[in-house]
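Novice: Sharing a sequence plus its predicted fold:
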Amino acid sequence: MTETEELLQRISRYIDQQKEVYSLPDFDISVENEPSSPMLPDISTDSTLAAITTLSDLETYCSTLDILRTDLTDTKMVFGKGNPNADLMVIGEAPGAEEDKQGEPFVGRSGQLLTKILESINFSRDDIYIANILKHRPPDNRNPLPAERQRSLPYLLKQIELINPKLILCLGKVPTETLLETKSSLKDLRGRFHPFLDKYEVLLTYHPAYLLRDPNKKRDTWEDVQLLRKRYDELGCKP
Ligand code: URA
Ligand code: URA
């Protein structure tokens with residue numbers, strides 16, 4: 001595929017997704033219409049969001065927003081937790097029951113496994129920052145819907161911008177598909193770093209909940225996080 005064809009395909013995917021979210025009518029696309037970053041929302045469209053300069057202000061703002069909620073009522077927001085200056089951000093899918101109860105990411109069974117995985121490469125949870133694609137729990141632990149991801153993404157992108165990590169680890173399909181705008185399999189995408197927004201490097205691996213169901217994948221995950229640690233040290237990341 002030529003670069004132009006690839007570009008048109010990305011724009012077309014972007015428009016399909018926008019149509020799904022906003023029910024837009026069909027319209028023609030041309031190369032001149034290229035959005036600077038297909039599919040990723042423009043965070044400057046919310047002027048309050050654009051003006052925020054600290055994580056705690058972002059957290060307060062997010063707590064006021066109904067658009068970050070799912071169709072479950074009375075959920076507690078799970079904003080994210082960890083070192084606000086982390087060089088590594090870990091991104092999961094959405095809070096589950098235990099996370100909803102405690103208001104913190106990855107504190108249930110998957111979270112305990114995540115802690116062990118991080119410890120295997122000499123990270124404590126306080127060294128890094130952990131967040132999710134969604135800040136509220138979806139009903140019945142279903143996957144976040146495309147529209148829910150789309151509504152939450154500007155706030156996560158702002159969170160990433162404020163933390164300004166060097167590396168991002170995506171856990172499982174949902175954060176990988178959402179950030180890297182791809183439908184390729186984890187198997188095909190794992191094992192290498194993917195550039196993200198010209199500033200960050202993304203590595204992905206299996207979700208700890210998936211490892212609990214299929215322990216055979218633990219070996220791959222272990223290899224992935226070794227690679228992550230190696231790159232972290234190579235880049236002189238702190239702590
Ligand atoms: N699974 C996730 O993806 N995120 C959490 O915070 C907990 C479980
Ligand atoms: N599917 C997922 O959603 N996550 C994984 O980690 C693997 C398969």
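Specialist: All right, it came through fine. Ligands and ions are numbered 1, 2, ... in the order given.
Novice: Could I get the full set of helices for this protein?
Specialist: 3-22, 47-51, 55-63, 97-102, 109-120, 146-163, 173-180, 186-189, 208-213, 218-234 (DSSP state H).
Novice: just these: most buried one?
Specialist: Mean neighbour count (mean count of other CB atoms under 10 Å) peaks for helix 173-180 among these, with a mean of 22. Any C-beta I mention is one placed from the backbone N, CA and C, and that applies to glycine too.
Novice: quick one: residue 193 from residue 239, how far?
Specialist: To residue 239, residue 193 is 21 Å away according to CB to CB, to the nearest Å.
Novice: Between the two, which has more neighbouring residues?
Specialist: A direct count of neighbours by other CB atoms under 10 Å for residue 193 and residue 239 places residue 193 higher, at 15 against 11.
Novice: Show me what the residue lying closest to the more buried one once chain neighbours are set aside bridges to in the sheet.
Specialist: Distance criterion CB to CB, 6 or more residues apart in numbering; nearest residue to residue 193, sequence neighbours excluded, is residue 201 at 4.2 Å. Applying DSSP bridges to residue 201 gives these bridge partners: residue 167, residue 195.
Novice: Residue 201 against residue 170, yeah?
Specialist: No. Using CB atoms under 8 Å, residue 201 is not in contact with residue 170, being 11.3 Å away.
Novice: And these two? Which one has more around it.
Specialist: Remark: of residue 201 and residue 170, residue 170 carries more neighbours, 28 against 17, as counted by other CB under 10 Å.
Novice: what does this protein put close to ligand 1?
Specialist: Residues of the chain found near ligand 1 (CB under 6 Å from any ligand atom) are 92-96, 99, 105-106, 108, 110-111, 132, 209.
Novice: Below-threshold pLDDT in this protein: ranges please.
Specialist: 10-44 (pLDDT under 70).
Novice: Residue of it closest to ligand 1, please.
Specialist: Closest to ligand 1 within the chain is residue 92: 2.9 Å, counting by CB to the nearest ligand atom.
Novice: Hmm, that residue is touching residue 134, no?
Specialist: No. Counting by CB under 8 Å, residue 134 is not a contact partner of residue 92; they are 9.3 Å apart.
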